[in-house]
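> no sequence on this one, just coordinates:
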Ligand code: GBH
């Protein structure tokens, strides 16, 4: 049954009590997991032959405090490059069945090109994957979690369609070397974020503020790169390795502010189509959503562009991209209320001008330490239903979901968030019949959180970043999650 929509504070408090937590058992086949990403945890940025990535470059050549809240970077981070055995021990102790991690492209190919493979980098991941498998943990591996080789960025990065060739070559080298150990692959994590923050807002590396079209060109190249990597797997490795490959989407629910106002309904739909579905549709349906194509073309025209700022796919490219997903990998953090915003002409034309909506959190949704993060677990169940209906992906894994705070060990806020979201997932499995097969909580341990540095940690496990040993300490949420995994139950008792 769908839970009540949060209208006033009182109702919201009611909806987050334990009374609403699903008291059934998770199916035996459900895979609990935890997640992290290379630049955020590994450190050792220039060791054993690793080349420079755009995040290394971005934070070494800019005034640090201008890019990251606490002026830090990922040079050492959790030092997982050296402490990976301890990470495996913690995963084992938690009892997870999957560990989601990403490969640092420049550890494998120092300048990003296939010219020279760095064996020491390959060995690092081989040792890690073997140790995980020995402990019954399945690695779920992201090829690209935002740390592009600087050399390829100099070459145009995600603005240059030839990046797809480089990405396909890198993917092949990864499938060749690691394929025997990996059954779940993700190509690119949240291209929506890297394209928006990296090529339009400039908050993430490479820090470009190409507000009129950088984000769309980046989306175009990201989708081509993803599709090429999927085809490499499909054509050359699938028969032998039998794994699955997906693009990493980030989706929230867009809720019309006034559900009875057709303009708000339309605005909410547009927010979905030009966000989550701008990557989902090309992969599962073919091409960008028509609303997105029409809208950006019209807005480009209004802004005196005699062409659309959204690149058009050729039919061949539409076909290349369509169908390139073996499961749905989706990150869910939060949802938004969406209000219609009167048409306006923004100069220079940009994504907000194209989108023409106001999106914000409901004031009654609990707020995390991160400004963009509020808790609305009901949204997860609803968006899962929609994605399942629109895309019919067969299998769904929630590849990120988590809560930031100020680092306290007794992290009750994180427990409440994780419990409520797992409950929404269980509802969608048991009551809606959706095939969600796994969940990798963000994140296994406190890590370098991009523009917010180490100030808004998400970890189940605390990392002491002032200690050269980067000592790890379990928080209350780690113990809670360990118990959930052991009992397959979110409460003290299940039926
Ligand atoms: C995830 O993105 C990332 O995949 C992961 O690497 C990261 O550690 C995790 O979030 C937690 O931060 O600063 O107001 O402009 C989640 C989606 C999209 C959330 C971009 C933050 C920036 C908002 N993210 N967004 S703002």
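Received the coordinates, thanks. These numbers were taken from a predicted model, which means no experiment stands behind them.
> how far away is the residue nearest to residue 171 when sequence neighbours are not counted from residue 235?
Excluding its sequence neighbours, the residue lying closest to residue 171 (CB to CB, 6 or more residues apart in numbering) is residue 229, at 3.7 Å. Any C-beta I mention is one placed from the backbone N, CA and C, and that applies to glycine too. Per CB to CB, to the nearest Å, residue 229 is found 11 Å from residue 235.
> The two: which has the busier surroundings?
A direct count of neighbours by other CB atoms under 10 Å for residue 229 and residue 235 places residue 229 higher, at 28 against 9.
> Which of the helices or strands spans that one?
Per DSSP states H and E: residue 229 is located in helix 214-232.
> do that helix and the ligand meet?
No - against the ligand, helix 214-232 shows no contacts by CB under 6 Å from any ligand atom, the least distance being 12.5 Å.
> After whatever helix or strand residue 397 lives in, which helix or strand is next?
Residue 397 belongs to strand 396-400 when assigned by DSSP H and E. Downstream of strand 396-400, the next assigned helix or strand under DSSP H and E is helix 412-430.
> Which is the succeeding secondary structure element to that next one?
For helix 412-430, the following helix or strand on the C-terminal side (DSSP H and E) is strand 436-442.
> Who are the contact partners of the residue nearest to residue 171?
Counting by CB atoms under 8 Å, 6 or more residues apart in numbering, residue 229 touches 143, 167, 168, 171, 187, 245.
> Is there a neighbour count for the fifth one? I'd like the number.
Here the number of neighbours of residue 187 (other CB under 10 Å) works out to 27.
> Check the last one too.
Residues within reach of residue 245, counting by other CB under 10 Å, total 26.
> tell me the SS of residue 468?
coil (DSSP: H, G, I helix; E, B strand; the rest coil).
> And the one 5 residues further on, by the same measure?
When the structure is split into helix, strand and coil by three-state DSSP, residue 473 lands in strand.
> what's the closest non-adjacent residue to it?
Excluding its sequence neighbours, the residue lying closest to residue 473 (CB to CB, 6+ apart) is residue 462, at 4.5 Å.
> doesn't the one you found fall inside a strand?
Yes - checked against three-state DSSP, residue 462 lies within a strand.
> Return the residues of this structure in contact with the ligand.
The chain comes close to the ligand at residues 37, 40, 189-190, 193, 197, 203, 250, 331, 333, 371-372, 400, 442, 449, 451, 458, as judged by CB under 6 Å from any ligand atom.
> so the residue nearest to residue 473 makes contact with residue 407?
Yes - if you go by CB atoms under 8 Å, residue 462 and residue 407 touch, sitting 6.5 Å apart.
> Mind listing the shared neighbours of these two?
Taking CB under 8 Å, 6+ apart as the criterion, residue 462 and residue 407 both touch residue 446.
> still on that earlier bit, go through the contacts of residue 229 and name the one nearest residue 84.
residue 143 (18.6 Å; CB to CB).
> Report how many residues lie close to that closest one.
24.
> Look up which helix or strand it falls in, please.
Going by DSSP H and E, residue 143 is part of strand 138-144.
> and after that strand, which helix or strand comes next?
Downstream of strand 138-144 (by DSSP H and E), the next one is helix 150-154.
> Against which helices or strands is that following helix packed?
The elements that helix 150-154 packs onto, with contact taken as 3 or more CB pairs under 8 Å, 6 or more residues apart in numbering; DSSP states H and E, are helix 54-60.
> tell me the mean pLDDT over the very next helix or strand once past the helix it packs on?
In the C-terminal direction, the helix or strand that comes right after helix 54-60 (DSSP H and E) is helix 64-67. For helix 64-67, mean pLDDT is 94.
> Could you do stretch 74-92 as well?
98.
> Show me what counts as buried in that stretch.
Using 16 or more other CB atoms under 10 Å as the burial criterion, the residues of stretch 74-92 that qualify are 74, 76-81, 83-84, 86-88, 90-92.
> Stretch 370-383 now?
Judged by neighbour count using 16+ other CB under 10 Å, the buried positions of stretch 370-383 are 370, 373, 374, 375, 376, 377, 378, 379, 380, 381, 382, 383.
> Stretch 474-492 too?
Under 16+ other CB under 10 Å, the buried positions of stretch 474-492 are 474, 475, 477, 478, 480, 481, 482, 484, 485, 489, 490.
> again with stretch 404-414
Across stretch 404-414, burial judged by 16+ other CB under 10 Å covers 404, 405, 407, 411, 413, 414.
> measure the residue nearest to residue 473 to residue 223 for me?
Using CB to CB, residue 462 is found at 38 Å from residue 223.
> out of these two, which sits in the busier spot?
The neighbour count for residue 462 versus residue 223, taken as other CB under 10 Å, is higher for residue 223 (27 against 19).
> What sits closest to the residue of the stretch 251-400 of the chain found nearest the ligand if chain neighbours are left out?
Using CB to the nearest ligand atom, the point where the stretch 251-400 of the chain gets nearest to the ligand is residue 372, with a distance of 4.1 Å. Once flanking residues are discounted, residue 372 sits nearest to residue 334: 7.2 Å by CB to CB, 6+ apart.
> Can you report phi and psi for that neighbour?
Here is the backbone geometry of residue 334 (degrees, to the nearest 10): phi -160, psi -180.
> May I ask you to confirm that it is in contact with residue 375?
Yes - using CB under 8 Å, residue 334 is in contact with residue 375, at 7.1 Å.
> Tell me the residues that contact both of these two, please.
What both residue 334 and residue 375 touch, as defined by CB under 8 Å, 6+ apart, is the set residue 365.
> Assign a three-state SS to residue 493, would you?
The three-state label given to residue 493 by three-state DSSP is coil.
> check contacts around it.
Counted by CB under 8 Å, 6+ apart, residue 493 has contacts residue 23.
> List the contacts of the residue nearest to residue 372.
252, 361, 365, 372, 373, 374, 375, 376, 379.
> tell me the two of these that are most distant?
Within the contacts of residue 334 (distances taken as CB to CB), the two that end up farthest apart are 372 and 379, at 14.1 Å.
> Point out where the stretch 1-150 of the chain drops to low pLDDT.
Within the stretch 1-150 of the chain, the stretches with pLDDT under 70 are 1-17.
> Could I get the full set of helices for it?
Listed in chain order, the helices of the stretch 1-150 of the chain (DSSP state H, counting those that start in this stretch) span 9-15, 38-41, 54-60, 64-67, 80-94, 105-108, 119-134, 150-154.
> any chance of those helices in JSON lines, plus distance to residue 289?
Converted to JSON lines, the helices of the stretch 1-150 of the chain look like this (distance: least, CB to CB, whole Å):
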{"stretch": "helix 9-15", "distance to residue 289": "31"}
{"stretch": "helix 38-41", "distance to residue 289": "31"}
{"stretch": "helix 54-60", "distance to residue 289": "29"}
{"stretch": "helix 64-67", "distance to residue 289": "33"}
{"stretch": "helix 80-94", "distance to residue 289": "38"}
{"stretch": "helix 105-108", "distance to residue 289": "30"}
{"stretch": "helix 119-134", "distance to residue 289": "37"}
{"stretch": "helix 150-154", "distance to residue 289": "29"}
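> right, so of these, which gets closest to residue 436?
Closest approach to residue 436 among those is made by helix 80-94 (19.5 Å; CB to CB).
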